[in-house]
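J.: Sequence and predicted structure, then a few things I'm wondering about:
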Amino acid sequence: MVVVLEKNITANQTLNIVKHLEEYGFRVHKTVGVQQTILAAIGVKPEFDTRKIKILDGVAEVYRITEPFKLASRQAKEDNTIIKIKNVTIGGDEIVVMAGPCAVESEDQINKIAELVSKNGAKILRGGAFKPRSSPYAFQGLGEEGLKLLKQAAEKYGLLVITEVMEIGQIELIGEYTDIYQVGARNMQNYSLLKELSKVNKPVFLKRGLSATIEEMLMSAEYILSNTNKDVILCERGIRTFETYTRNTFDLSSIPVVHKKSHLPIFADPSHATGMRDKVIPMARAAVAAGADGLMIEVHHDPDAALSDGPQALFPDQFSEMMRQIKLIAEAIGRKI
């Protein structure tokens, strides 16, 4: 349930309310909003009489959260979640672009691409050091050496780093190099991994599963939010349907749905959604128009020689043109890049 506090509430009154909620068996998450402060009391207690809390000094209103994703819901937090990482703000007026190769392949490769994406306005360098591949014989990434190259290139060109974590045992290692942990589509419902990421002090970029509903994606976000980590970024990357002309079906409608249901920012990944570079730019334009808080784009200086996902990686001139176009769309809807 949500406990809305009075605007002039004292610190002692707040502590007393929290104490009562905890004594009744609830876990309490405090959110300070622009207009008001609320306490999200989490616990399955359908029979609980909310009047026990309404009578406490400092309580303005109490109501139940009807959504199954309690902490991720707009009922628990009305204001948008704003995530600040160094000089980058996610979830505000600016649409943030993450760009880079599917995988880190060499020092020369990642430096060339980092320079390209930075020059064109991207703020975050993406690149996999550990790659989950459908085939066990495909390139699996450079491991820690890839992380080092990714971090060095990002620092050289003033970028943040995002890279994928595949298992619990990688969290500590990857945390030394990344600014944002990425959870791939295949791991969206790896609840053991999500529970451990709920304890880290860095944002988690959660991709929608291959056939996951929007509610299932938000429930996975709930696992991360349920501990101390409050910085979750969602990502629409297409879902598997009966269509065969594209790699996945890009569910752009999920963007406004998530904005209505949740306070969490949501990005779009047109590269994985379509699987073909000629479709990436049109879908990037559409995602920005639909209200995405950012884009994740695959770029390669020589995609024909890429060790993974070359067909969906933009050429340098295509990336430059995409950035030019989406800046115009962002301005048209009152945002910026």
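T.: Happy to help now that I have it.

J.: all contacts plus neighbour counts: C-alpha atoms, from now on.
T.: OK.

J.: what about residue 65, how many neighbours?
T.: The burial count assigned to residue 65 is 18, neighbours taken as other Cα atoms under 10 Å.

J.: Please disregard the earlier target; I meant residue 214.
T.: Around residue 214 sit 18 other residues, with neighbours defined as other Cα under 10 Å.

J.: Could you check the pLDDT of the closest residue to it other than its chain neighbours?
T.: Nearest-residue entry for residue 214: residue 254, 6.8 Å, with adjacent residues in sequence omitted and distances by Cα to Cα, 6 or more residues apart in numbering. With respect to pLDDT, residue 254 scores 98.

J.: contacting residues around residue 91?
T.: Taking Cα atoms under 8 Å, 6 or more residues apart in numbering, we find residue 91 in contact with 80-83, 264-266, 293.

J.: Quick check: residue 61 is in a strand.
T.: Yes. Applying DSSP: H, G, I helix; E, B strand; the rest coil, one finds residue 61 inside a strand.

J.: So it sits against residue 52, correct?
T.: No. Counting by Cα atoms under 8 Å, residue 61 sits too far from residue 52 to count as a contact (11.8 Å).

J.: And the two? Which one has more around it.
T.: Between residue 61 and residue 52, counted using other Cα under 10 Å, residue 61 has the larger neighbour count: 16 against 12.

J.: Any idea what that one is bridged to?
T.: Following DSSP bridges, residue 61 is listed with bridge partners residue 4.

J.: quick one: contacts for it?
T.: Counting by Cα under 8 Å, 6+ apart, residue 61 touches 3-5, 54.

J.: Quick check: which element contains the most centrally placed residue in the chain?
T.: The centroid of the chain falls nearest to residue 233 when counting by Cα atoms, centre = their mean (1.9 Å). Taking DSSP states H and E as the definition, one finds residue 233 inside strand 232-236.

J.: Quick check: can you name the pairing partners of that strand and their directions?
T.: The strands beside strand 232-236 in its sheet (DSSP bridges) come out as strand 204-207 (parallel), strand 266-268 (parallel).

J.: In PDB, list the C-alpha atoms belonging to that strand.
T.: Backbone C-alpha positions of strand 232-236 (Å, rounded to 0.1, in the frame of the first residue of the first chain) are rendered in PDB as follows:
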ATOM      1  CA  VAL A 232      16.500   0.600 -13.200                       C
ATOM      2  CA  ILE A 233      16.300   1.400 -16.900                       C
ATOM      3  CA  LEU A 234      13.900  -0.700 -19.000                       C
ATOM      4  CA  CYS A 235      14.600  -1.500 -22.700                       C
ATOM      5  CA  GLU A 236      12.200  -2.500 -25.500                       C
END
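
J.: quick one: average confidence on that strand?
T.: Per-residue confidence for strand 232-236 averages out to 98 on the pLDDT scale.

J.: returning to what we had before: the residue nearest to residue 214 and residue 212 touch, don't they?
T.: No. If you go by Cα under 8 Å, residue 254 and residue 212 don't touch, sitting 11.4 Å apart.

J.: related to what we said a few turns ago, what residues are bridge-paired with the residue nearest to the centre of the chain?
T.: residue 205.

J.: Was I right to think it contacts residue 205?
T.: Yes. Contact status for residue 233 versus residue 205: in contact at 4.7 Å, counting by Cα under 8 Å.

J.: Please enumerate the strands of the chain.
T.: Assigned by DSSP state E, the strands in the chain fall at 2-5, 27-32, 37-42, 59-63, 83-85, 88-90, 96-100, 124-126, 160-164, 180-183, 204-207, 232-236, 266-268, 294-298.

J.: May I see those strands arranged in a markdown table, with distance to residue 287 as well?
T.: Formatted as a markdown table, the entries for those read as follows, by distance: least, Cα to Cα, whole Å:
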| stretch | distance to residue 287 |
| --- | --- |
| strand 2-5 | 32 |
| strand 27-32 | 29 |
| strand 37-42 | 31 |
| strand 59-63 | 34 |
| strand 83-85 | 20 |
| strand 88-90 | 16 |
| strand 96-100 | 12 |
| strand 124-126 | 18 |
| strand 160-164 | 20 |
| strand 180-183 | 20 |
| strand 204-207 | 15 |
| strand 232-236 | 10 |
| strand 266-268 | 6 |
| strand 294-298 | 8 |
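
J.: Brilliant, that's me finished.
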